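**Student:** give me a model of this one.
(chains A and B)
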Amino acid sequence: MSLTLDSWIDANTSSPLFGDADIGALDRWIDASTAFPAWTEPVGGTPSTIELPVIQIAI
Amino acid sequence: MANIVYNKGMAEWLDPATGPGVGDWEWILERSTSTYAPDKDDESLLDKAGWVEITVATYARTNLASTTFAAVHASDQAKVDCADVAFGNLEAGQTVKSAILARNNAGNYVPVLRVDTDSGSLLPRALGDGAFTLQINTSGLFLFAQA
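**Tutor:** I've put the predicted structure just below:
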């Protein structure tokens, strides 16, 4: 089952954990977040540097 | 299995008609799911039974670059060196089993070197979205010395 943010908020307005004050805070957070810099993909990840052994050749 | 130098590939490496700077030498990454059984007698790579190459989205075979040749008098050796190999940020989901240097001869890749045992024991190495780099040893790629 998937939940949209709206449906999640609706579902949780009756929860003891999420009173009206909490929902208001969430709204303000969402409003504030619209002014955030654009979301970007995380940069980096796990780098890997593989050090090759020197190959010795006898002649 | 140990790292190996292929016979045909070394002959082409030393041949002025196909050697580095003339031939199209490229670094290739073998995937962990590959069951390719390397043999020094192999004169091609991509058509070998069980061969599987890394295929994550931004992976591309990378050209050998900046090959140099120098005398090392202190140890009576001739040193072949080249640039480190930067594959860029490679997406997670696959694991590198080995690195292979080969000459692209009209799509028939002639391998000269296969490294599955690196100095830092990182191979096989799971890709993790980060930069994947082959760092050439400070002593060079190949050292030739009188036996």
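
**Student:** give the contact list for residue 59.
**Tutor:** Unless you meant another one, I'm taking chain A. Going by Cβ atoms under 8 Å, 6 or more residues apart in numbering or on different chains, residue A:59 touches B:144-147. Quick note: C-beta positions are derived from backbone N, CA and C, even for glycine.

**Student:** that was the other one, I meant chain B.
**Tutor:** Residue B:59 sits next to B:29, B:87, B:90 when contact means Cβ under 8 Å, 6+ apart.

**Student:** who wins on neighbours among these?
**Tutor:** residue B:29 (27 neighbours; other Cβ atoms under 10 Å in any protein chain shown).

**Student:** for chain A, give me the ranges with low pLDDT.
**Tutor:** By pLDDT under 70, the low-scoring segments of chain A are A:1-24, A:26-44.

**Student:** can you list the residues of it near chain B?
**Tutor:** A:42, A:44-59 (Cβ under 8 Å from any Cβ of the partner chain).

**Student:** are any of the residues you listed buried, and if so which?
**Tutor:** A:45, A:48-52, A:54-55 (16 or more other Cβ atoms under 10 Å in any protein chain shown).

**Student:** including distance to residue B:76, could those go into TSV?
**Tutor:** Listed next are those as TSV, based on distance: Cβ to Cβ, whole Å:
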residue	distance to residue B:76
A:45	43
A:48	35
A:49	30
A:50	29
A:51	25
A:52	22
A:54	15
A:55	17
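
**Student:** so can I have TSV of these showing secondary structure?
**Tutor:** Shown next, in TSV, are these (DSSP: H, G, I helix; E, B strand; the rest coil):
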residue	secondary structure
A:45	coil
A:48	strand
A:49	strand
A:50	strand
A:51	strand
A:52	coil
A:54	coil
A:55	strand
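
**Student:** and of the residues you listed, the nearest to residue B:82?
**Tutor:** Within these, the smallest distance to residue B:82 is 10.0 Å, found for residue A:52 (Cβ to Cβ).

**Student:** which residues touch the closest one?
**Tutor:** By Cβ under 8 Å, 6+ apart, the contact list for residue A:52 reads B:99, B:115, B:118-119, B:134-137, B:141.

**Student:** how about a cut-off of 6 Å?
**Tutor:** By Cβ atoms under 6 Å, 6 or more residues apart in numbering or on different chains, the contact set of residue A:52 is B:115, B:134, B:136-137.

**Student:** which ones among these lie within helices?
**Tutor:** With helices taken from DSSP state H, there is no overlap with the contacts of residue A:52.

**Student:** re the thing from before, residue B:56: which of the contacts of residue B:59 is nearest?
**Tutor:** Closest to residue B:56, out of all of the contacts of residue B:59 and judged by Cβ to Cβ, is residue B:90, at 5.3 Å.

**Student:** kindly state the pLDDT recorded for the residue in chain B sticking out farthest from the centre?
**Tutor:** For chain B, the largest distance from the centre (Cα atoms, centre = their mean) belongs to residue B:74, which lies 27.2 Å off. The model reports residue B:74 with a pLDDT of 96.

**Student:** show me how far stretch B:77-88 is from its chain's centre.
**Tutor:** Centroid separation for stretch B:77-88 versus its chain: 10 Å, with Cα atoms, centre = their mean, to the nearest Å.
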